[in-house]
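Asker: 3D model of this:
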Amino acid sequence: MVSKPHVSAEAHRTLSATRVAVLLGVTIFLAVLAYYLVGVDEGMMSMFGKTVVVHEWVHDSRHFLGFPCH
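Answerer: Next up is the predicted model:
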């Protein structure tokens, strides 16, 4: 039987500062993008061609989230 060296659970949970910075940066970018698409753009930047379905869904989301409109 081969024994593995003992590694504490704490050693598995540590993140490097670089990884934390990258994860934080990606999270902030996605949050700002979501804020822009819902709060500012209002779905006009259609990723699905010339359909207004996305616009209407995002517009209703604006009302639900309390963004000023009209």
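
Asker: what about residue 25, helix or strand, and which?
Answerer: In this assignment (DSSP states H and E), residue 25 forms part of helix 17-35.

Asker: Remind me what that helix packs against, helices and strands.
Answerer: In this structure, helix 17-35 packs against no helix or strand, with contacts taken as 3 or more C-beta pairs under 8 Å, 6 or more residues apart in numbering; DSSP states H and E. (Glycine included, C-beta is placed from N, CA and C.)

Asker: so after it, what's the next helix or strand?
Answerer: Counting by DSSP H and E, what follows helix 17-35 is helix 53-65.

Asker: That next one: which residues count as buried?
Answerer: Of the residues in helix 53-65, 54, 58-59, 62 count as buried by neighbour count, 16 or more other C-beta atoms under 10 Å.

Asker: Of those, just say which sits nearest to residue 15.
Answerer: Nearest to residue 15 out of the buried residues of helix 53-65 is residue 58 (C-beta to C-beta; 34.2 Å).

Asker: what's the lowest-pLDDT member of the buried residues of helix 53-65?
Answerer: Lowest in pLDDT among these is residue 54, which has 70.
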